[in-house]
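In: A predicted structure for the sequence below; I have some questions about it.
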Amino acid sequence: MDKQAVYTQLELLKNGLQSQVLGQADIVKGLLVALLADGHVLLEGLPGTAKTRSVKALSELLGLSQGRVQFTPDLLPSDVIGYESLSVNSDQQIDFNPGPVFNSVLLADEINRAPPKVQSALLEAMEERQVTVGNTSHKMQPVFMVMATQNPIEQEGTYPLPEAQMDRFLFKLILDYPDHDTELAIIRLVRGQNKQKSMQLTRLENAEAFILTARDLVDEVYISENIEQYIVSLVMATRDPTTTNNEQLAELIRVGASPRASIALDKAARAHALLSGRDFVDPDDVRAVAVPVLNHRITLSYNAVALGKSASQVVIDLIKATPVL
């Protein structure tokens, strides 16, 4: 697949998503950037804000194998990754029964409704693209993406995700309620789909080849040393906010982002540049992805919570206070 064909497929994918996820342009862009950057996505929002719909629409458009796990308090790790059992044909043979994680796209619905032991079952799969059961490791699909949804942790019956797992998500995308006109369009869209009994989406042809080729193009996107320095400066500012021109930031962040944040910013900025039709990264690409890359990788101080500051707002303040070198 050549470069022009990749851009054509990207446009089709973008238009298909926007036709199903109304009023969420940033979410659509975030999902596409994560797909190109070979990263996992965590979508957070109140019930009814199209979290599951966004994931299902992308899965349908790609037409790749997909699995879904509805996370509940009584879920077991084996329900996610699979389990070993005696073979039905031989008492001496152990067979592995793969779980839903062995699909190209895994929808982990309401992931924070299961306890940490179950949530952590995804850690190896997300980072190393394999699952180890007993003494045997099992490889994932060539294209593997976890798209998890969660309600805000203040909701009853939810568990905060462990920091180690949060760090393995490339993006945390936050969905807000739609405005008046968008909500009216949503009513009409769903009513029409109820009559047709389906989403009426046109799947992409050779989706796996398209994704792998697009990811190769992302690796070829040029990024200058100044942009690299800017990325590192942003991440370092989360660890030592006193280096910025905003003295108040030092009182808002308790724990900064890990080195995975720098890697994620670099990859996501290049993917954003490719999605924008460019073969080089500019500072706006970094700014466009900085909030979803960093908002789940920093821990706010008690002062920030008392002031009603969200992690996204603090990251925006960091961006404003960090100049491009």
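Out: That came through, no problem.

In: not counting its neighbours along the chain, what's nearest Tyr7?
Out: Closest residue to Tyr7 apart from its sequence neighbours, by Cβ to Cβ, 6 or more residues apart in numbering: Gly277 at 6.8 Å. For glycine as for every other residue, the C-beta is placed from the backbone atoms N, C-alpha and C.

In: look up phi and psi at the one you found.
Out: The phi and psi values for Gly277, taken as degrees, to the nearest 10, are phi 90, psi 20.

In: per-residue pLDDT, it?
Out: If you check Gly277, the pLDDT there is 90.

In: likewise Arg239?
Out: The model reports Arg239 with a pLDDT of 90.

In: Ala268 too?
Out: pLDDT for Ala268: 96.

In: oh, and call the first residue 87 from now on, that's how I've got it
Out: Fine by me, first position is 87 from now on; the one you just mentioned is Ala354.

In: for Ala200, see how far away it is.
Out: Distance from Ala354 to Ala200, counting by Cβ to Cβ, to the nearest Å: 27 Å.

In: list the buried residues of the host helix or strand of Ala359.
Out: Assigned by DSSP states H and E, Ala359 falls within helix 345-361. By neighbour count on 16 or more other Cβ atoms under 10 Å, the buried set for helix 345-361 is 346-348, 350-361.

In: who does it touch, helix- and strand-wise?
Out: Contacts defined by 3 or more Cβ pairs under 8 Å, 6 or more residues apart in numbering; DSSP states H and E place helix 345-361 against helix 111-122, helix 293-306, helix 311-325, helix 369-380.

In: and the angle for it with helix 369-380?
Out: Counting by axes from the mean of the first three to the mean of the last three Cα atoms, to 10 degrees, helix 345-361 lies at 130 degrees to helix 369-380.

In: what sits up against helix 345-361?
Out: Contacts to helix 345-361, defined as Cβ atoms under 8 Å, 6 or more residues apart in numbering, come from residues 96, 115, 118-120, 122-125, 253-254, 256-257, 300, 303-305, 307, 309, 313-314, 317-318, 320-321, 324, 365-368, 371-372, 374-376, 378-380, 383.

In: run the angle between that helix and helix 311-325 for me.
Out: 140 degrees.

In: could you give the separation of helix 345-361 from the chain centroid?
Out: Between the mean C-alpha location of helix 345-361 and the chain-wide mean there is a distance of 13 Å, by Cα atoms, centre = their mean, to the nearest Å.

In: export it as PDB, just CAs?
Out: What follows is helix 345-361, C-alpha atoms only, in PDB (Å, rounded to 0.1, in the frame of the first residue of the first chain):
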ATOM      1  CA  PRO A 345       9.900   8.500  30.900                       C
ATOM      2  CA  ARG A 346       7.100   6.700  29.200                       C
ATOM      3  CA  ALA A 347       5.500  10.100  28.800                       C
ATOM      4  CA  SER A 348       8.400  11.400  26.700                       C
ATOM      5  CA  ILE A 349       8.200   8.300  24.500                       C
ATOM      6  CA  ALA A 350       4.500   8.700  24.100                       C
ATOM      7  CA  LEU A 351       4.700  12.400  23.300                       C
ATOM      8  CA  ASP A 352       7.300  11.700  20.600                       C
ATOM      9  CA  LYS A 353       5.300   8.900  19.000                       C
ATOM     10  CA  ALA A 354       1.900  10.700  19.300                       C
ATOM     11  CA  ALA A 355       3.200  14.000  17.900                       C
ATOM     12  CA  ARG A 356       4.600  12.200  14.800                       C
ATOM     13  CA  ALA A 357       1.300  10.400  14.400                       C
ATOM     14  CA  HIS A 358      -0.600  13.700  14.700                       C
ATOM     15  CA  ALA A 359       1.700  15.200  12.000                       C
ATOM     16  CA  LEU A 360       1.000  12.300   9.700                       C
ATOM     17  CA  LEU A 361      -2.800  12.600  10.300                       C
END
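
In: just want the angle from that helix to helix 111-122.
Out: Relative orientation of helix 345-361 versus helix 111-122 (the same axes, to 10 degrees): 100 degrees.

In: angle of helix 345-361 against helix 293-306?
Out: Calculated by the same axes, to 10 degrees, helix 345-361 forms an angle of 110 degrees with helix 293-306.

In: now the stretch 237-386 of the chain, which segments are flagged as low pLDDT?
Out: Across the stretch 237-386 of the chain, the ranges flagged by pLDDT under 70 are 240-241, 281-286.

In: give the burial count for Leu132, as a bare number.
Out: Leu132 has 12 neighbours, counted by other Cβ atoms under 10 Å.

In: could you report the pLDDT at it?
Out: What the model reports for Leu132 is a pLDDT of 80.

In: what do you get for Leu404?
Out: pLDDT for Leu404: 92.

In: that one: how many residues sit nearby?
Out: Residues lying near Leu404 (other Cβ under 10 Å) number 25.

In: then the one 4 residues further on?
Out: Taking other Cβ under 10 Å as the criterion, the count of residues near Thr408 is 24.
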